[in-house]
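**Student:** A predicted structure for the sequence below; I have some questions about it.
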Amino acid sequence: MDSALYYIWLSLRCGAGSEAPSFLLSHFASPKEIYEADEAALSAVLRGRSGIVAALCDKDLDTARRVLEYCQRANVGILTLESAIYPERLKAIHAKPIVLYYKGVLPNIDENVLVACVGTRKCSDKGARLAYKLGAELAEAGAIVVSGMALGIDAMCARGALAAHGHTIAVLGCGIDRVYPRENEELMRSIIENGTVITEYAPGMVPNGKHFPVRNRIISGLSLGTVVVEAGRNSGALITAQHAAKQGRDVFAFPGDVDNKFYAGTNELISEGAKMVRGARDVLAEYEGLWYKRISAGNISKNKYYVGAEIPPAAPLGVEEYSEEAGKKKGIFPSFRKKAPQKRVSEEELSHAKEEAENRDVYEEIFEIPTEPVSEALAVGTPEELEGFEREVYEAIDGTCACDEIAAKLAKKNGESIDVGKVLGTLTSLEIDGYCKSLPGGLFKKI
């Protein structure tokens, strides 16, 4: 665990999605050696990157230790680059995560066929049913379905895989102790029981629009291929497709009517070189030859998963930022398109821009792990407005408390067992509504 502590420290200092940890580990023997390095040694490796060097010169291990203790207490698995089961597929991607936190059973990634199934949050009824059927049939055939557990297409693919008693992996854009979106609380619990929930964000990290494009590289990185079921022109799912293309992985897309806004993004992917598919069998055909002992389309039940899936609710607040980000990511397959001429900038301007970006990423993402509610636009209520279980959970917060401590307090008070997952979901609701805030290490306190 000594090694895990320094890996956590390094990941917190460099931030999610950074290539800096991998670059540092190519020059230093271990995270502990990086921790023990002085400013001169770090600057010699990270030339011109003073923002990250300044962060690495902070040798305080308190937050990393609290994260490690929380994981031990809450039965959260920690995967580092030194772990025997760390996927080789992830080691091959740019900016590979040096720490992953997970709950559930982690399969041997490299010995299985993983397929990422993604799409828009605000999907059509048809798209929802296509996603449900795709997830179910891939699972029946023996593949593992990977998604972001978002509302809409992602959730329906995961539900389909669970319905077929298959393994599914959800990659979060927040801490493992968060339930986001709240509507997927039951889904997250089912995935933990029958699959894996995984994230590179430390416990205590609340959802944030900028996290989702970053975590998408992990969704595609775990998978042999990424299927975009339904996506508008600005859907965040296109970012996952872009990551897959850059990582050398397959990209698949469902076609749709040319005047259907729900398929504007998938149609564009196909025009740029993505493989058009009509269902799970088309995806499986790409892999059955090499993975015939793992998957077989012959195991798919006929006419079993066409209808009956509940259509997901509308997307929550905050996803617009993510969609806007996707709108900037055009040209998934750059070899098929002419690049627009780039504006030339001076070396001084470029250096200044890089410095600003480094400092912003480091200090927003690391030193303020996070204390603000998910959306500042949401009104803050008063405790007197709370009723039922929400009020009980709120009143049980004494100083700073962990979720399991609150559950134990309520169990003692009520004389009956309390579901920790229910308490965590309630705490997340209270945080989003502005009644409490999360702290590093999975702790909560009243606002």
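**Tutor:** In hand now; what should we look at? Numbers count the residues shown, from 1 in each chain.
**Student:** Just the C-alpha atoms of the one helix or strand residue 394 maps to, please, in PDB.
**Tutor:** Using DSSP states H and E, residue 394 sits within helix 388-396. Output in PDB follows, covering the C-alpha atoms of helix 388-396 (Å, rounded to 0.1, in the frame of the first residue of the first chain):
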ATOM      1  CA  GLY A 388     -38.400  12.100   5.700                       C
ATOM      2  CA  PHE A 389     -35.100  10.300   5.100                       C
ATOM      3  CA  GLU A 390     -33.400  13.400   3.600                       C
ATOM      4  CA  ARG A 391     -33.900  15.200   6.900                       C
ATOM      5  CA  GLU A 392     -32.700  12.200   8.900                       C
ATOM      6  CA  VAL A 393     -29.500  12.100   6.900                       C
ATOM      7  CA  TYR A 394     -28.900  15.800   7.100                       C
ATOM      8  CA  GLU A 395     -29.400  15.800  10.900                       C
ATOM      9  CA  ALA A 396     -26.900  12.900  11.200                       C
END
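**Student:** This protein - how does it break down into domains?
**Tutor:** For the chain, the domain assignment from automatic domain parsing gives the residue ranges 2-99, 112-327, 383-446.
**Student:** most tightly surrounded among those domains?
**Tutor:** By mean neighbour count, with neighbours taken as mean count of other C-beta atoms under 10 Å, domain 112-327 ranks first of the domains of the chain at a mean of 22. Heads up, the C-betas are built off the backbone N, CA and C, glycines and all.
**Student:** can you give me the strands in this structure?
**Tutor:** Under the criterion DSSP state E, the chain carries strands at the ranges 77-80, 99-104, 114-118, 144-147, 168-171, 196-199, 225-228, 250-253, 275-276, 401-402, 436-439, 443-446.
**Student:** Comparing these by mean pLDDT, which bottoms out?
**Tutor:** The weakest mean pLDDT among the strands of the chain belongs to strand 436-439, with a mean of 75.
**Student:** before we move on, back to that, okay if I get the strands of the chain as CSV plus distance to residue 282?
**Tutor:** As requested, the strands of the chain are exported to CSV (distance: least, C-beta to C-beta, whole Å):
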stretch, distance to residue 282
strand 77-80, 32
strand 99-104, 29
strand 114-118, 12
strand 144-147, 16
strand 168-171, 20
strand 196-199, 26
strand 225-228, 9
strand 250-253, 7
strand 275-276, 8
strand 401-402, 46
strand 436-439, 43
strand 443-446, 46
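**Student:** so which of those strands comes closest to residue 160?
**Tutor:** Closest to residue 160 of these, according to C-beta to C-beta: strand 144-147, at 7.6 Å.
**Student:** just checking, what packs against that closest one?
**Tutor:** With contacts taken as 3 or more C-beta pairs under 8 Å, 6 or more residues apart in numbering; DSSP states H and E, strand 144-147 sits against strand 114-118, helix 125-141, helix 153-163, strand 168-171, helix 211-222.
**Student:** For these, could you give me a markdown table that also reports distance to residue 264?
**Tutor:** Listed next are the helices and strands packed on strand 144-147 as a markdown table, based on distance: least, C-beta to C-beta, whole Å:
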| stretch | distance to residue 264 |
| --- | --- |
| strand 114-118 | 16 |
| helix 125-141 | 13 |
| helix 153-163 | 15 |
| strand 168-171 | 25 |
| helix 211-222 | 19 |
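**Student:** Can you tell me which of these is nearest to residue 299?
**Tutor:** Residue 299 sits nearest to helix 125-141 of all those, at 5.2 Å, using C-beta to C-beta.
**Student:** Quickly note the distance from the closest residue to residue 7 other than its chain neighbours to residue 92.
**Tutor:** Sequence neighbours aside, residue 80 is the residue nearest to residue 7 in space, at 4.4 Å (criterion: C-beta to C-beta, 6 or more residues apart in numbering). Computed as C-beta to C-beta, to the nearest Å, the residue 80 to residue 92 distance reads 17 Å.
**Student:** Likewise for residue 131?
**Tutor:** 28 Å.
**Student:** same deal with residue 239?
**Tutor:** Noted for residue 239: a distance of 19 Å to residue 92, by C-beta to C-beta.
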